[in-house]
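Undergrad: Let me see the structure of the following:
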Amino acid sequence: MKGFKRILALATTLVMALGMTITASAEGTVPKGTITVTGAENATLYIRQVVKADTTTKTGWSFVDAASEELFAGFAGDTAQAKIEDYKTSSEADRVVKFGNKLEALSVTEQFTGTYTNAEPGLYVIKATEEGFTYSPMIAAINYNDDLDGVKNAVVKAKKTPTTINKTYGEGDEYVELGKEIPYSVEVVVPYSPMGSTTAFVVTDTLTGGEYKLETGENADKTKVVATIGNDSKTYYIAPSNNSLTIDLAADWVINDPTDSTRDNKYANATLTLTYTAIATGSAISNDVNVNNTTGKTVKSYTSKLQIMKTNVPAEGEEPELLNGAKFVIKDGIDENAKYAILDAEGKLTGWGTLAEAKVNPLTTAGGIAIASGFDKDKTYWFEEIEAPQGYSLNLNPVAVTSDSWIDDPDEEDAKFMIGTAIMSDTTLITLPFTGGSGTVAFTVFGILFMSAAAGLFYANKKKSAK
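TA: As a prediction, this is how the structure comes out:
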């Protein structure tokens, strides 16, 4: 009889499992969405899913494999679910710290172009490669719709940094920090020189908002310019004049030699690349190049501003108030190797150093806002509060200016000028207890009266007993 009951129970279980399978099949396949990467039109993209939907877990998500779980090792918690919870509640700046270098080390091999169209719900790591740029790994999330009948597509903005800031005809604008060395690369075509003629080949380069890097030693106060065609190159040392370089290239590259056909016009119509270095000193660095007084192309670089807004933590139903007198420093990095921005009295970046050096000229909020200038839009910076406004507690959590924090600078007409914004809030100080208040005085007076009455009764009773 017992054996029959076991068989019946097993049969019931199998029927239920089959029924659930049929139901799941009837509901259709797992919904899929698309992940679109913007700002990486010329890059090769790679993708890997690291978190997947899992209705058997507390969070509804689980790691795809062991390598994916290892990726989240820096997040808080002793279990996979705890780490997923910590990821969900962490800020973007905190996630950068907790991932550390693990995103860069993760192997990602599945390739796609522009838009990935086979994305099931979960988290994906995306990497990109492109000559001339370094891309930071990206995270994309495919979540269910609110009604759970489909998924929300994801759009990810690529985070890339030029490996070199080359200034050439036709190349786009870039962003730099004040004091940054900018290696320029200018491409010019060597002119053809008709037989018996003298052909000029003079390149004039002019900087605005920058200065040329000068050599030391025997070429002191001169700028090094290297001219190259293929395997042939020549180095020039030119003294800038009125922030311009004038380079006469005819003698070396325009060769009119009718006696030697291998030399005559050897470089005609070839592209000559000139390289040299400038230093950013202004908010906009403009590089104008012309050949033989024929106007060439102008390319620009820009430095950007950083803005911190300081508010209180308002009571429920109230608007936050802007706070004056908060003091901040700016840092590049948040670990022990972080560099601190050295600012002048106007909040302009002059270099990088220690926290003590940065505290000499901190940013101080006026009208609840403080602004610093001379930074690179393509980098992440942190505001660290070093002194709170009077009556408020110091906020020990630095806030980041990330790639998503940048907006057009409203004080500049050129739309290329950007300002990175961040907000930090402070709580009021805890009220400390004190003596001498009205409540204490009342209790003291009452105690004295009580003791006086008791003393009076004591002496009255003593006198009565004596009689």
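
Undergrad: from the middle of its chain, how far away would stretch 137-145 be?
TA: Put simply, stretch 137-145 sits 19 Å off its chain's centre (Cα atoms, centre = their mean, to the nearest Å).

Undergrad: For it, could you pull out the residues that count as buried?
TA: Pro137, Met138, Ile139, Ala140, Ile142 (16 or more other Cβ atoms under 10 Å). From N, CA and C alone the C-beta is placed, and that goes for glycine too.

Undergrad: Lowest pLDDT pick from those?
TA: pLDDT across the buried residues of stretch 137-145 is lowest for Met138, at 84.

Undergrad: Show me the residue sitting in the middle of the chain in space.
TA: Thr380 (2.7 Å; Cα atoms, centre = their mean).

Undergrad: hmm, back to that, and the buried residues of stretch 137-145, which is closest to Asp232?
TA: Taking Cβ to Cβ as the measure, Asp232 lies nearest Pro137 of the buried residues of stretch 137-145, at 40.5 Å.

Undergrad: ok, the closest residue in space to the residue nearest to the centre of the chain that isn't next to it in sequence - how many residues close by?
TA: Of all residues not flanking Thr380 in the chain, Thr402 sits nearest, at 5.4 Å (Cβ to Cβ, 6 or more residues apart in numbering). Thr402: 18 surrounding residues under other Cβ atoms under 10 Å.

Undergrad: Relative to Glu131, how far out is Thr402?
TA: 25 Å (Cβ to Cβ, to the nearest Å).

Undergrad: Same check on Gly420?
TA: Relative to Glu131, and taking Cβ to Cβ, Gly420 is found at 27 Å.

Undergrad: Could you check which of the two is surrounded by more residues?
TA: Gly420 (26 against 8).

Undergrad: Give the partner strands of the one helix or strand that one maps to in its sheet and their orientations.
TA: Using DSSP states H and E, Gly420 falls within strand 418-426. Strand 418-426 pairs in its sheet with strand 304-312 (parallel), strand 406-408 (antiparallel), by DSSP bridges.

Undergrad: Can you tell me which of these is packed in deepest?
TA: Among the strands paired with strand 418-426, strand 304-312 has the highest mean neighbour count (mean count of other Cβ atoms under 10 Å), at a mean of 23.

Undergrad: How far off centre is it?
TA: That offset, for strand 304-312, works out to 15 Å (Cα atoms, centre = their mean).

Undergrad: Give the rounded mean pLDDT of it.
TA: 95.

Undergrad: Could you do stretch 36-52 as well?
TA: On average, stretch 36-52 scores 89.

Undergrad: List the buried residues of that stretch.
TA: Val37, Ala40, Ala43, Leu45, Tyr46, Ile47, Arg48, Gln49, Val50, Val51, Lys52.

Undergrad: correct me, but the fourth one touches Lys127?
TA: Yes: with contact taken as Cβ atoms under 8 Å, Leu45 and Lys127 are classed as touching, separated by 7.4 Å.

Undergrad: Could you dump the strands paired with strand 418-426 into CSV with distance to Thr29 added?
TA: As requested, the strands paired with strand 418-426 are exported to CSV (distance: least, Cβ to Cβ, whole Å):
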stretch, distance to Thr29
strand 304-312, 46
strand 406-408, 40
